[in-house]
Each structure stands twice: as structure tokens, then as C-alpha cells.
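Visitor: Build me a structure from this.
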Amino acid sequence: MAKIQKKTKAETLIPTASMSDIAFLLLLFFMVSTVFVREKGLRVNMPRAEMIQKIPRNHSATIYVDKNGMISVDDMYIDIPDVQWAMQKKLADDFNVIACFRTDKDTNYGIMSDILYQLRLANTLRVQFEAKLKR
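Guide: As a prediction, this is how the structure comes out:
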């Protein structure tokens with residue numbers, strides 16, 4: 001009787017030689033196609049300060065006020081009565097939100113007082129005023 005040899009199964013291998021090329025192409029694609037959002041805000045000439053403290057940007061809502069009285073909360077132009085609504089929405093999204101004022105140094109304080117009153121009505125009690133460092 002003839003002895004029949006068992007054939008070995010063919011191994012299936014995934015070719016990994018071009019895997020690094022694919023990874024670098026994907027990395028390049030995402031680097032080129034990613035758009036970084038930059039706050040536009042209003043153009044303000046901020047006052048100078050002797051000492052400054054960094055504000056954590058992940059828990060802040062920036063309120064821009066220019067010398068003409070235009071108000072913007074995180075690139076959304078609003079009027080003074082709408083500040084309460086906008087900050088209540090921000091507070092609902094993040095309980096630790098800080099209202100950061102970026103105001104022009106020539107801004108009328110009456111406008112800022114009205115905005116502070118709206119922040120109090122919205123229960124946004126953490127407020128900071130931003131300034132540039134004196135040099």
C-alpha cells in the first residue's frame with residue numbers, strides 16, 4: 001500500500017510592507033484637510049497690566065466689547081439683553097465656565113456694568129477681565 005503524504009495548508013499572510021506608507025499618507029491627509037478654528041471676535045485695544053494670570057481656555061467664554069459698544073460672545077454678535085441667554089446656554093454646557101472680558105480700553109463702563117448685571121442674572125459669577133502685560 002502506498003503511503004499518501006498529507007499536504008500542508010498554505011499559510012495566509014497579510015503583506016505589511018506598505019503599511020507604514022499608508023499610515024503616513026493618512027497622517028498627511030488629515031494634516032492637510034484639518035481646519036483650525038480661530039476666534040474672530042472684535043478688534044479691541046486691551047488695557048495694560050503689571051501682572052497677568054493665565055485663564056484655562058477650555059472653561060471660558062470670551063465676551064468682546066469694542067469702543068463703539070458692539071458685543072460678541074465667542075464670535076456671536078449679540079445685544080446686551082441677549083447676554084443672559086447666551087451665558088445661560090454656556091453655563092448649561094459647562095458648569096465651570098468663566099466669563100472673560102476682552103474690552104477696548106476706551107469702552108464706556110456703563111456698557112460693561114450692564115453686561116455684568118446680565119451675567120449676574122444668568123448666574124455666571126466667575127468673571128475675569130483680560131489685559132496685556134506691560135513691557
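
Visitor: which stretches of this protein form helices?
Guide: In the chain, the helices defined using DSSP state H lie at 19-33, 82-93, 109-121.

Visitor: Mean neighbour count added to those, as CSV?
Guide: Every residue, glycine included, has its C-beta placed from N, CA and C. Formatted as CSV, the helices of the chain follow (neighbours: other CB atoms under 10 Å):
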stretch, mean neighbour count
helix 19-33, 9
helix 82-93, 16
helix 109-121, 15
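
Visitor: Out of these, which is closest to F101?
Guide: Judged by CB to CB, the one of the helices of the chain that comes nearest to F101 is helix 109-121, at 7.0 Å.

Visitor: quick one, that closest one and helix 82-93 angle?
Guide: Angle, helix 109-121 to helix 82-93, by axes from the mean of the first three to the mean of the last three CA atoms, to 10 degrees: 40 degrees.

Visitor: so what secondary structure elements neighbour helix 109-121?
Guide: With contacts taken as 3 or more CB pairs under 8 Å, 6 or more residues apart in numbering; DSSP states H and E, helix 109-121 sits against strand 60-65, helix 82-93, strand 98-103.

Visitor: Alright, that wraps it up for me.
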